[in-house]
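Asker: Below are the sequence and a predicted model; questions follow.
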Amino acid sequence: MIEIRGFTYRYGDDRPAVDGVSLTIEGRSFVVLAGPNGSGKTTLVRGFNGLLEPDSGTVSVNGQPVDEDLVAARTAVAMTFQDPRDGFVAATVGADVAFGPENLGLGRGEIDDRVESALAAVRMSGRNDERIDRLSGGEQARIAIAGALAMNPDHLVLDEPFAGLDQPARESVLDRLEALHAEGTGIIVVTHDLRDLLALADRVLVMNEGRVALDAAPETAREQLSGLAVRAPC
């Protein structure tokens, strides 16, 4: 469970990027977080595991304040970024995907199994030894997702995960997210592209000007998205 109370964050002296948001995201839920550019989506989710510390307010993961144990928070809440290069820590595909599980102290066999499963999920099997800086942008996005999947987190947060993916890779990731959710992993997808996601989600959040403008079930949210600068999928 992720609990956010009064979360406010500013960049410099500007108006808050996130303005007093309070939310509870239950474990095992599938949440779509939408909203126009600059609405505060990315800023909010980066507070879920301590990548950003709020100017005021609190964030707790599984009952533990994030600022008291960043390692626990980042183990429980794995995240991918809009620009996948922001999250890479190793030169090669296999080493990067293995980095998170290695830091959990897992055995070599478990690490290898997680790496192979995660790479298969994004259609990158057998490419462990390739250099990340020689991959295309879409391939780099897939490796970033694989690295998060390999953590087997309680919550998986994906910030614009489909940017740069072709349709087969998109479908593969969607299938993997659906399977993870069925197995009990909480999924939070930050996206402008709602295709196929409303059918998987059980909750839709829409942010506008740093605040939550809509919090509803998908069937209810669909009718209200156009008024919030978010295009409902056909």
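Answerer: Yep, that arrived. A quick note: this is a predicted structure, and the numbers were derived from the prediction, not measured.
Asker: Show the end-to-end separation of stretch 29-44, please.
Answerer: 17 Å (CA to CA, to the nearest Å).
Asker: Of all the residues in that stretch, which ones are buried?
Answerer: 29-35, 39-44 (16 or more other CB atoms under 10 Å). Where C-beta positions appear, they are placed from N, C-alpha and C, glycine not excepted.
Asker: what does stretch 209-228 give?
Answerer: Gly210, Val212, Ala213, Leu214, Pro218, Ala221, Leu225, Leu228.
Asker: Leu200: which of those is nearest?
Answerer: Nearest to Leu200 out of the buried residues of stretch 209-228 is Pro218 (CB to CB; 8.8 Å).
Asker: who's in contact with the top helix by length along the chain?
Answerer: Counting by DSSP state H, the longest helix found in the chain is helix 167-182. Around helix 167-182, the neighbours that count as contacts under CB atoms under 8 Å, 6 or more residues apart in numbering are 28, 30, 121-123, 138, 142, 145, 149, 156, 158, 161-162, 165, 187, 189, 196-197, 200.
Asker: redo that, cut-off 7 Å
Answerer: Contact partners of helix 167-182, identified using CB atoms under 7 Å, 6 or more residues apart in numbering, comprise 30, 121-123, 138, 142, 145, 149, 156, 161-162, 165, 187, 196, 200.
Asker: How about stretch 13-23?
Answerer: Taking CB under 7 Å, 6+ apart as the rule, stretch 13-23 contacts 4-11, 40, 43-44, 210-212.
Asker: cutoff 8 Å now
Answerer: Contacts for stretch 13-23 (CB under 8 Å, 6+ apart): 2-11, 38, 40, 43-44, 47, 54-55, 57, 205, 207, 209-212, 215.
Asker: Just name the shakiest helix or strand of this structure by mean pLDDT.
Answerer: helix 167-182 (a mean of 84; mean pLDDT, DSSP states H and E).
Asker: for the record, mean pLDDT for stretch 84-98?
Answerer: Taken as a whole, stretch 84-98 carries a mean pLDDT of 93.
Asker: From the chain's centroid, how far away is that stretch?
Answerer: 17 Å (CA atoms, centre = their mean, to the nearest Å).
Asker: what's the span of that stretch from first residue to last?
Answerer: Start-to-end, stretch 84-98 (CA to CA) is 16 Å.
Asker: about what we covered before: which one of the buried residues of stretch 209-228 is nearest Gly63?
Answerer: Using CB to CB, the buried residues of stretch 209-228 come closest to Gly63 at Val212, 22.3 Å.
Asker: what helix or strand does Ala141 sit in?
Answerer: helix 137-149 (DSSP states H and E).
Asker: State the mean pLDDT of that helix.
Answerer: 87.
Asker: What is it packed up against?
Answerer: With contacts defined as 3 or more CB pairs under 8 Å, 6 or more residues apart in numbering; DSSP states H and E, the packing partners of helix 137-149 are strand 77-80, helix 93-103, helix 108-121, strand 155-159, helix 167-182.
Asker: For the third one, output the C-alpha coordinates as CSV.
Answerer: Think helix 108-121. Presented in CSV, the C-alpha positions along helix 108-121 are these (Å, rounded to 0.1, in the frame of the first residue of the first chain):
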residue,chain,number,x,y,z
ARG,A,108,22.8,-16.4,-8.7
GLY,A,109,20.2,-18.8,-9.9
GLU,A,110,17.3,-16.6,-8.8
ILE,A,111,18.9,-13.6,-10.4
ASP,A,112,19.4,-15.3,-13.7
ASP,A,113,15.8,-16.6,-13.7
ARG,A,114,14.5,-13.1,-13.0
VAL,A,115,16.7,-11.6,-15.7
GLU,A,116,15.6,-14.1,-18.4
SER,A,117,11.9,-13.8,-17.5
ALA,A,118,12.1,-10.0,-17.6
LEU,A,119,13.9,-9.9,-20.9
ALA,A,120,11.4,-12.4,-22.4
ALA,A,121,8.5,-10.2,-21.3
